[in-house]
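sequence first, then the predicted structure, then my questions.
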Amino acid sequence: MTSITKTAQAGTLESSDVMITVAPGTQGSGIVIELESIVLAQYGEEIKAVVEKTVKTQEVTDIYIKAADRGALDCTICARTLTALSRAGAVLKEEML
C-alpha cells in the first residue's frame, strides 16, 4: 500500500471534464470520495466507482478525494485521477497506464 504526501489536483471545470483534488487522509480513514456533478442523479455511483477503482488499482490508501464533474467520460475521470495521484506524490503502477 502507498500513500500520498501532499494535496494536488488535475482537470478543469469546463464542460465534459472533471476536476479531481486529492489530499492525504487520516490514518485508517480509507478512501473518502466527495462528489459534485451535473449528472449526479444519473451517474453519481458510476463516477465514484471509477475513481475508487483507479485509486485501489494504484494501491493508495487513506486518501480524501473531491471530484467536481461536468459530464466527463470514464476515461477522462480515470486520467484525471491518475494525474492528481501522481502530482500528490504517488508512484503510479504501469499496468494501469
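Noted; the coordinates are in hand. Residues are numbered from 1 along each chain as shown.

ok now stretch 56-67, how far from the chain's centre?
7 Å (C-alpha atoms, centre = their mean, to the nearest Å).

endpoints of it, how far apart?
Terminal residues of stretch 56-67 lie 16 Å apart, using C-alpha to C-alpha, to the nearest Å.

so which helix or strand takes in the residue most central in space within the chain?
Taking C-alpha atoms, centre = their mean, the centroid of the chain lies closest to T81, which sits 3.7 Å from it. Using DSSP states H and E, T81 sits within helix 74-87.

circling back: got a list of what the residue nearest to the centre of the chain touches?
Counting by C-beta atoms under 8 Å, 6 or more residues apart in numbering, T81 touches 10, 20, 22, 50-51, 54-55, 65. C-beta: built from backbone N, CA, C; applies to glycine.

burial of the closest residue to it other than its chain neighbours, as a residue count?
Counting by C-beta to C-beta, 6 or more residues apart in numbering, T81 lies nearest to T54, which is 4.4 Å off, once chain neighbours are set aside. A count of neighbours around T54, defined by other C-beta atoms under 10 Å, yields 22.

could you confirm T54 falls within a strand?
No: counting by DSSP: H, G, I helix; E, B strand; the rest coil, T54 is not part of a strand but helix.

what sits against it?
Going by C-beta under 8 Å, 6+ apart, the list of residues near T54 reads 77-78, 81-82, 85, 96.

for those residues, pick the one with the most neighbours.
Taking other C-beta under 10 Å as the neighbour criterion, T81 ranks highest of those with 27 neighbours.

contact partners for T83?
Going by C-beta under 8 Å, 6+ apart, T83 touches 10-11, 20.

what ranges do the strands span in the protein?
With DSSP state E as the criterion, the chain has strands at 8-10, 18-24, 31-37, 63-69.

Y43 is nearest to which of those strands?
Of all the strands of the chain, strand 31-37 sits nearest to Y43, with 7.0 Å by C-beta to C-beta.

name the nearest of the contacts of T54 relative to S29.
L85 (16.2 Å).

okay, and the beta partners of the residue nearest to S37 when sequence neighbours are not counted?
Of all residues not flanking S37 in the chain, D69 sits nearest, at 3.7 Å (C-beta to C-beta, 6+ apart). Taking DSSP bridges, one finds V18, S37 as the beta-bridge partners of D69.
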